[in-house]
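In: Pasting the sequence and the predicted model now:
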There are 2 protein chains.
Amino acid sequence: MRILIVEDDADLARQLKSAFKDAGYAVDVAKDGEEGHFLGDTEPYDAVILDLGLPLIDGVSVLQKWRADGKKFPVLILTARDQWSEKVAGFDAGADDYLTKPFHVEELMARLRALLRRAAGHTTDTIELGDLMVDNRAARAFVDGMAIKLTSHEFRLLSYMAAHKGRVISRTELVEHIYDQDFDRDSNTIEVFVGRLRKKIGTERIETVRGLGYRLLDPDMESSD
Amino acid sequence: MRILIVEDDADLARQLKSAFKDAGYAVDVAKDGEEGHFLGDTEPYDAVILDLGLPLIDGVSVLQKWRADGKKFPVLILTARDQWSEKVAGFDAGADDYLTKPFHVEELMARLRALLRRAAGHTTDTIELGDLMVDNRAARAFVDGMAIKLTSHEFRLLSYMAAHKGRVISRTELVEHIYDQDFDRDSNTIEVFVGRLRKKIGTERIETVRGLGYRLLDPDMESSD
DNA sequence: GCATATGTTCAGAAACCGTTCAGGGGCCGA
DNA sequence: TCGGCCCCTGAACGGTTTCTGAACATATGC
């Protein structure tokens, strides 16, 4: 999962980035409203954390522009204490949740997880595909009830594919959601990771769709198609 | 485990803080309703002790606000003798237990332990993981029936991990529940403590999940792997 | 069977984690 | 009040895992 943090306080931004990276997200940071708006417009984020008090363009305006452009990603806004009017404006502009500063990182993470879950149309932190189970909260996966050991990138890959099970996902899309901005796309890391994942969860679970990408099969939904 | 005490009587607050610290908790104290509400809103406590008679904002209102904001931590309220109506209001507002003043510190500790137990889904004060036993009541741990000597931070670490056994816990989360408010997060103290703990309870009991955090293994649940 | 797309293997690099240790602070006993 | 002891902190260093990118191998479709 890839998220964008728009926050001008450099310390806070760094802290958040590190915490979310620890939790297995790919994280980009924008330091002002303009950069934030640009990134959100051009990169495919799964969720955005948006501070409302920003240099250049204020948060509410950024959010309005995104929504006007048809951007659907969930947005969690950060407001200063007692900025009640801003908070309301934020919701009107299309925010999905808010948190008042100062807040606790853990709470922010929990809320973001909830947003991502809602966005993916799930009600729990776990996704099941036949006898494969992906637990996003514990960052663990099970095959037939047995835990399998995954590295953090392997898990990100699996987690993203599980959130979009049954759909063909292009290499580009995977790269974009697993890595943050600066990454050299001319490499075959995705193939490598898919290979490693297959070795661990069973080759047949990930179908290759030549020329398009990969698909994580959901045994409960096959037959039709 | 990290708790918040909201109590305006300075003497009592100090006494409680010291008692709970001795028992191995990380403790924050708030002196009035406003500060209490703010802390509870922003820090991830495992439980809260809340006096109902408070300056600035009364206890019941504080509690109501927390619950309205979706805070789930267990709350134990302290009431003056014969304030029956307050007590009822407290329960309606979402309290989990109460104690009337004056009380014995020991009873308060016992009730708080019970709340923490329930929150973690246990029925006793001790948690067992194979031949490792964590006794939250006595703040001690045993391996194979033999007591092991743990420093207070070592015990906090173990206790928190035991309450969430089997789950991956990030460094960030550990820091937040083991320390009280002021702590510089850019250090490797967690690694150091994990190292020391491992030396005492056995290296293999704490699994490192690279890039994510640590997991306390429960031999009764591993079956696989 | 050729060309292109995908899979596999591997080694160097980078990130991450464990260990050790010294300095400092707090607590306790003298 | 002073000294000693224990514990905590933060930094440095070294080992290990994981990631990356490339080279080579195999599969697929034309």
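Out: Great, that's in hand.
In: pLDDT weak spots in chain A?
Out: The model of chain A has pLDDT under 70 over residues A:81-84, A:121-124, A:181-185, A:221-225.
In: Quick check, the residue in it closest to chain B?
Out: Nearest residue of chain A to chain B: A:M146, at 3.1 Å (Cβ to the nearest Cβ). Bear in mind the C-beta positions are built from the backbone N, C-alpha and C, glycine included.
In: measure that residue to A:L157 for me?
Out: Distance of A:M146 to A:L157, computed by Cβ to Cβ, to the nearest Å: 20 Å.
In: more neighbours, these two?
Out: Comparing A:M146 with A:L157 by neighbour count (other Cβ atoms under 10 Å in any protein chain shown), the higher total belongs to A:L157, at 25 against 12.
In: how close does that one get to DNA strand D?
Out: 9 Å (Cβ to the nearest atom of the strand, to the nearest Å).
In: Correct me if wrong: that residue contacts A:V192.
Out: No: the criterion here is Cβ atoms under 8 Å, and A:L157 misses it with A:V192 at 10.4 Å.
In: Which positions in chain A make contact with DNA strand D?
Out: Chain A comes close to DNA strand D at residues A:149, A:151-154, A:179, A:183-184, A:186-189, A:192-193, A:210, as judged by Cβ under 7 Å from any atom of the strand.
In: Give the buried subset of the residues you listed as a PyMOL selection command.
Out: In PyMOL syntax, the buried subset of these is picked out as below (16 or more other Cβ atoms under 10 Å in any protein chain shown):
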select buried, chain A and resi 151+152+153+154+179+189+193
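In: how close does the spatially closest residue to A:I49 that is not a sequence neighbour get to B:Y98?
Out: Using Cβ to Cβ, 6 or more residues apart in numbering or on different chains and skipping residues adjacent in sequence, the residue nearest A:I49 is A:I5, 4.8 Å away. According to Cβ to Cβ, A:I5 and B:Y98 sit 41 Å apart.
In: Give me the more crowded residue out of the two.
Out: Taking neighbours as other Cβ under 10 Å, A:I5 and B:Y98 compare with A:I5 leading, 27 against 19.
In: So what touches the strand or helix carrying the more buried one?
Out: A:I5 is part of strand A:2-6, with elements assigned from DSSP states H and E. Residues from elsewhere that reach strand A:2-6 (Cβ atoms under 8 Å, 6 or more residues apart in numbering or on different chains): A:13, A:16-17, A:20, A:25-30, A:33, A:35-36, A:39-40, A:43-51, A:54, A:59, A:62, A:112, A:176-180.
In: Among those, name the ones in strands.
Out: Secondary structure defined by DSSP state E assigns A:A26, A:V27, A:D28, A:V29, A:A30, A:A47, A:V48, A:I49, A:L50, A:D51 of those to strands.
In: neighbours around the second one, how many?
Out: The burial count assigned to A:V27 is 21, neighbours taken as other Cβ under 10 Å.
In: cool, and the third one?
Out: Number of residues near A:D28 (other Cβ under 10 Å) recorded here: 21.
In: go on, the first one?
Out: Neighbourhood size, A:A26 [other Cβ under 10 Å]: 23.
In: show me what contacts it?
Out: Neighbour list for A:A26: A:M1, A:R2, A:I3, A:R156, A:H177, A:I178, A:Y179, A:D180 [criterion: Cβ under 8 Å, 6+ apart].
In: residue nearest the centroid of chain A?
Out: A:M1 (2.8 Å; Cα atoms, centre = their mean).
In: So is stretch A:165-183 next to chain B?
Out: No: shown here: stretch A:165-183 not in contact with chain B (Cβ under 8 Å from any Cβ of the partner chain), separated by at least 12.8 Å.
In: and that stretch, C-alpha only, in CSV?
Out: Provided in CSV are the C-alpha atoms of stretch A:165-183 (Å, rounded to 0.1, in the frame of the first residue of the first chain):
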residue,chain,number,x,y,z
LYS,A,165,-7.8,-10.5,-5.8
GLY,A,166,-9.1,-11.8,-9.0
ARG,A,167,-8.1,-8.8,-11.0
VAL,A,168,-5.2,-8.6,-13.4
ILE,A,169,-2.6,-6.3,-11.9
SER,A,170,0.1,-4.9,-14.1
ARG,A,171,3.7,-4.8,-13.2
THR,A,172,3.6,-1.0,-13.3
GLU,A,173,0.7,-0.9,-10.9
LEU,A,174,2.6,-3.2,-8.5
VAL,A,175,5.7,-1.2,-8.7
GLU,A,176,3.8,2.0,-8.0
HIS,A,177,2.0,0.6,-5.0
ILE,A,178,4.9,-1.2,-3.5
TYR,A,179,7.6,1.4,-3.8
ASP,A,180,7.7,5.0,-3.1
GLN,A,181,8.5,7.7,-5.7
ASP,A,182,12.1,7.2,-6.5
PHE,A,183,12.6,3.8,-8.0
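In: buried stuff in that stretch?
Out: A:K165, A:I169, A:R171, A:E173, A:L174, A:V175, A:E176, A:H177, A:I178, A:Y179, A:D180.
In: Stretch A:105-123 now?
Out: Along stretch A:105-123, these residues count as buried under the neighbour rule (16+ other Cβ under 10 Å): A:105-109, A:111-117, A:119.
In: How about stretch A:137-146?
Out: Neighbour-count burial for stretch A:137-146 flags A:A138, A:A139, A:R140, A:A141, A:F142, A:V143 (criterion: 16+ other Cβ under 10 Å).
In: same deal with stretch A:2-9?
Out: Using 16+ other Cβ under 10 Å as the test for burial, stretch A:2-9 gives A:R2, A:I3, A:L4, A:I5, A:V6, A:E7, A:D8.
In: CA-only coordinates of the strand holding A:I5 in CSV, if you can.
Out: Only the C-alpha atoms of strand A:2-6 are listed here, as CSV (Å, rounded to 0.1, in the frame of the first residue of the first chain):
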residue,chain,number,x,y,z
ARG,A,2,1.3,3.4,-0.9
ILE,A,3,0.4,6.5,0.9
LEU,A,4,1.1,10.2,0.6
ILE,A,5,1.8,12.4,3.6
VAL,A,6,1.3,16.2,3.1
